[in-house]
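**Student:** model the structure of this input:
(2 chains)
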Amino acid sequence: MPGTGTNQQVIAMLDELVRLTTLDEESPQSFKVRAYEKAKLGVEAHGEDIGELSAAQLTRIDGIGKSTAAKIREFIDTGTVDKLERLRAEYPPSFAELAKIPGLGPKTLKLVRRELGVEDLDALRSAIADEKLRALKGLGATREAKIAKAIERLGLTGKDRRTPIAEALPLARRLVADLEAVPAATQAAYCGSLRRMAETIGDIDITVASDDPPSIMAAVVHHPEATEIVLTGDTKTSFLTSTGLQVDVRVVEPDQFGAAILYFTGSKAHNIALRQRAIDRGWLLNEYGLLDGDDVIASATEEAIYDALGLAYVPPPMREATGEVPAAAVSAAIAAAAGDRTGEAERDPDDRPLPDLVELEHIQGDLHYHTDRSGDGRSPLADMVAVAAAKGWRYLAITDHGEDLAINGSNREQMLEHRERINALQGDYPEMVILWGCELNIGPDGGLDYDDEFRALFDYTVASVHSHFDQDQVDQTRRIVRAIEDPTVNSIGHLTGRYIGRRPGIELDIPTVLDALVANDVALEINGALDRLDAASDVVRRAVDRGVKLVINTDSHHVSELGRMEYGVLTAQRGWTPRELVINTWSQDDFLRWARSRT
DNA sequence: GCCGTTTTCGGCCCGACTGTTTTCAGTCG
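**Tutor:** Numbers count the residues shown, from 1 in each chain, chains lettered A, B, ... in the order given. From the prediction side, this is the model:
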């Protein structure tokens, strides 16, 4: 995941500080808790290794002050933090894990501990069985029963349950389509971390615009996916699906839709930054609009709200409070001062605008694409080429598996015969160059299929890992770098080989890999398959910082899979990818010139 | 605990829903 090993450990340490301090201060809104959360975001956004930074240097990271800097240094130098040790002693894991129970917050937890001596899950269960919770101040039989039920379903609906985007996104799109079809609805959209293209999500947030909220609420409550209603009010209903995934639906007035989706898309930290800008101007920003007293400044669209706040529009995947708000302010200032040279000269060189972000309509071709020549391919060559041409692609690389991939691969004779069939099709598609390519298999030591001479015959190659996922980081890094250095390799496919929520990817020293990509002018793939999204957006952002070339692919194995390009582009946006770094946004001439310079 | 071209102290985002309450605290997002 993001950052280096050291950064990951620091982030985990800060996360534990957040959780235990929430318990200690009895509020997730405690200023200390929020300070630690902000520090965590700062480390995540930093990207580069912080292991060698002094305390003074650490305080230059956004959200890290003197105290947190000292804790981070203490943690890196000694492996632990005194304050964390004290919190752990006060709130041992068996007690702290009770905070995962939905509906049981820090105040109630401490009350239960103080009044009933509850120290772990077993004790909590007995207290409920003995009907002791209902006697406590502020509780009753109803809350006692709710907590009992939440415990029963802990594994299914607990607060730290995460659902892979590949499971959640198709469901969310179905729900949005169903709700948009309700006559009372004028618009609907999924929001939350799903709209930001997070790899895993906690719940699905859907916003519906309507003048008739009761009709929408009724449609939600009776939706076939709503297995269990968690709560339902005038404008908000939450339900659980049969798999325990929570769906929150909110209804707003049609002219408040922009403010609502802005609010519900988050991230929370991004919203706070926006609200701060509103406060600075004497305004109020909430899910109903940007308000100056009783006057509505903007509410119908997200664009109008960003504009009123002096910000360029920030695409949802970038809304993680990792520098996009200041960058959007710079972009807006540049736009406002367009032509005004003096204004631009005075800009602080550190104040960078938003990148000229890659968008779906920039894409000119797909460069990781299978046919039924591959054992796992499911559509014939002619069909795969036809749907690609229908997309309007100007170039397409057919990259069936090389011979080293057991069962799915093709030997030399099969590949040469494949080339004939591809060349025969070319005449039917004058607008689209069809490349005879190959998905090479990166062996355990970095070796590739066939031999140097045969590999050099291909018009284009993508080299990927498909096996040996458990080598250590040093070996895996050496393996990938060796493949990158091979002169017949154009690009590296699905960098880590992960399947989100199912299989972790190989461990890599990312800076070393990125440096090798730059040095050898090899492109890094952003694979649009929802269960891969590999390279991950945080790796992409670090690649962008180094000027690594990128390529966004569908890795299609069937004619139905071309829609993945959108997910690849959104992942690229989440990694702040500018259009010019993405080789498959280039013109046909520019792309072919680059591809041929490699082989 | 962090932060500052209106501040080095006094602020720190905002609202829905529920259950237990007669006006609000807790939880959640």
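
**Student:** wait, is A:V230 part of a strand?
**Tutor:** Yes. Assessed by DSSP: H, G, I helix; E, B strand; the rest coil, A:V230 belongs to a strand.

**Student:** what's the spacing between the closest residue to it other than its chain neighbours and A:L175?
**Tutor:** Nearest non-adjacent residue to A:V230, counting by C-beta to C-beta, 6 or more residues apart in numbering: A:S238, 4.1 Å away. (Glycine included, C-beta is placed from N, CA and C.) Per C-beta to C-beta, to the nearest Å, A:S238 is found 13 Å from A:L175.

**Student:** what's the answer for A:V551, then?
**Tutor:** The value you get for A:V551 to A:L175, if C-beta to C-beta is used, is 33 Å.

**Student:** between those two, which is the more surrounded one?
**Tutor:** Regarding A:V551 and A:L175, a neighbour count based on other C-beta atoms under 10 Å identifies A:V551 as having more, with 28 against 21.

**Student:** element containing the more buried one?
**Tutor:** Per DSSP states H and E: A:V551 is located in strand A:550-553.

**Student:** now do the helix or strand following that strand, average pLDDT.
**Tutor:** Once strand A:550-553 ends, the next helix or strand along the chain (criterion: DSSP H and E) is helix A:564-574. Averaged across helix A:564-574, pLDDT comes to 97.

**Student:** tell me the gap between helix A:564-574 and the middle of its chain.
**Tutor:** Offset of helix A:564-574 from its chain centre (C-alpha atoms, centre = their mean, to the nearest Å): 10 Å.

**Student:** so where's the stretch 1-150 of chain A uncertain?
**Tutor:** For the stretch 1-150 of chain A, the stretches with pLDDT under 70 are A:1-4.

**Student:** and it, which of its residues are near DNA strand B?
**Tutor:** Contacts of the stretch 1-150 of chain A with DNA strand B, taken as C-beta under 7 Å from any atom of the strand, map to A:26, A:28-29, A:31-32, A:34-36, A:38-39, A:59, A:62-69, A:83, A:101-109, A:134, A:137-144, A:146.

**Student:** how about the helices in the stretch 451-599 of chain A?
**Tutor:** Using DSSP state H, counting those that start in this stretch, the helices of the stretch 451-599 of chain A run over residues A:452-455, A:473-485, A:510-520, A:537-546, A:564-574, A:588-598.

**Student:** so which of the ones you listed gets nearest A:H223?
**Tutor:** Minimum separation from A:H223 across the helices of the stretch 451-599 of chain A (C-beta to C-beta) falls at helix A:564-574, 25.0 Å.

**Student:** list the buried ones in that closest one?
**Tutor:** Across helix A:564-574, burial judged by 16 or more other C-beta atoms under 10 Å covers A:R564, A:M565, A:Y567, A:G568, A:V569, A:L570, A:T571, A:A572, A:Q573, A:R574.

**Student:** tell me the one of these nearest DNA strand B?
**Tutor:** For the buried residues of helix A:564-574, the minimum distance to DNA strand B (C-beta to the nearest atom of the strand) is 19.3 Å, reached by A:R574.

**Student:** so that closest one makes contact with A:M197?
**Tutor:** Yes. A:R574 is within contact range of A:M197, at 5.2 Å (criterion: C-beta atoms under 8 Å).

**Student:** shared neighbours, the two?
**Tutor:** A:P317, A:S537 (C-beta atoms under 8 Å, 6 or more residues apart in numbering).

**Student:** where does chain A have low pLDDT?
**Tutor:** Flagging of chain A using pLDDT under 70 yields the residue ranges A:1-4, A:339-350, A:598-599.

**Student:** ok, the spatially most central residue of it - contacts?
**Tutor:** Nearest to the mean C-alpha position of chain A, by C-alpha atoms, centre = their mean, lies A:A198 at 2.6 Å. When contacts are counted by C-beta under 8 Å, 6+ apart, A:A198 touches A:I165.

**Student:** ditto for A:Q29
**Tutor:** Contacts of A:Q29 by C-beta under 8 Å, 6+ apart: none found.

**Student:** could I get the full set of helices for the stretch 301-450 of chain A?
**Tutor:** Using DSSP H, counting those that start in this stretch, the helices of the stretch 301-450 of chain A run over A:302-308, A:324-336, A:341-345, A:381-390, A:412-426.

**Student:** tabulate those (CSV), appending distance to DNA strand B.
**Tutor:** Shown next, in CSV, are the helices of the stretch 301-450 of chain A (distance: least, C-beta to the nearest atom of the strand, whole Å):
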stretch, distance to DNA strand B
helix A:302-308, 13
helix A:324-336, 11
helix A:341-345, 15
helix A:381-390, 37
helix A:412-426, 49
